[in-house]
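S.K.: A structural model of the following input is requested.
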Amino acid sequence: MKTTKLFSRFITLFLLLLFGMAIGAKSGGLDTLRFSIFLVILGVLSWLHIKMMRKKFARYHNAAIP
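M.R.: Okay, here's the model as predicted:
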């Protein structure tokens, strides 16, 4: 479980860094269409990450309940 939590935190940090990079790229001159596509891709990756982690942690949480 410790490895899973560490991996989850690492991926969350990585996704936050990607969102920051997207905002920096927008202020650096990235056009609106490519910025929108980049944010949609990041949003889908974030949604998948949250869905997988909730499913994985729910398994551990429910195992402790008798």
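
S.K.: tell me which residues in the helix or strand where residue 41 lies are buried?
M.R.: Using DSSP states H and E, residue 41 sits in helix 32-63. Using 16 or more other C-beta atoms under 10 Å as the burial criterion, the residues of helix 32-63 that qualify are 38, 42, 46, 53. Every C-beta, even on glycine, is put in place using the N, C-alpha and C of the backbone.

S.K.: what's the lowest-pLDDT member of those residues?
M.R.: Note: of the buried residues of helix 32-63, the lowest pLDDT belongs to residue 53, at 81.

S.K.: What's the separation between it and residue 34?
M.R.: Going from residue 53 to residue 34 by C-beta to C-beta, to the nearest Å gives 28 Å.

S.K.: just residue 47 next, same as before
M.R.: For residue 47 relative to residue 34 (C-beta to C-beta), the value is 20 Å.

S.K.: One more: residue 48?
M.R.: 21 Å.

S.K.: now residue 45
M.R.: 17 Å.

S.K.: likewise residue 19?
M.R.: Taking C-beta to C-beta, one finds residue 19 at 15 Å from residue 34.

S.K.: what's near enough to touch residue 30?
M.R.: By C-beta atoms under 8 Å, 6 or more residues apart in numbering, residue 30 lies in contact with residue 38.

S.K.: neighbours around residue 14, how many?
M.R.: 12 (other C-beta atoms under 10 Å).

S.K.: what packs against the helix or strand it falls within?
M.R.: If you go by DSSP H and E, residue 14 is part of helix 2-27. If contacts are counted by 3 or more C-beta pairs under 8 Å, 6 or more residues apart in numbering; DSSP states H and E, helix 2-27 sits against helix 32-63.
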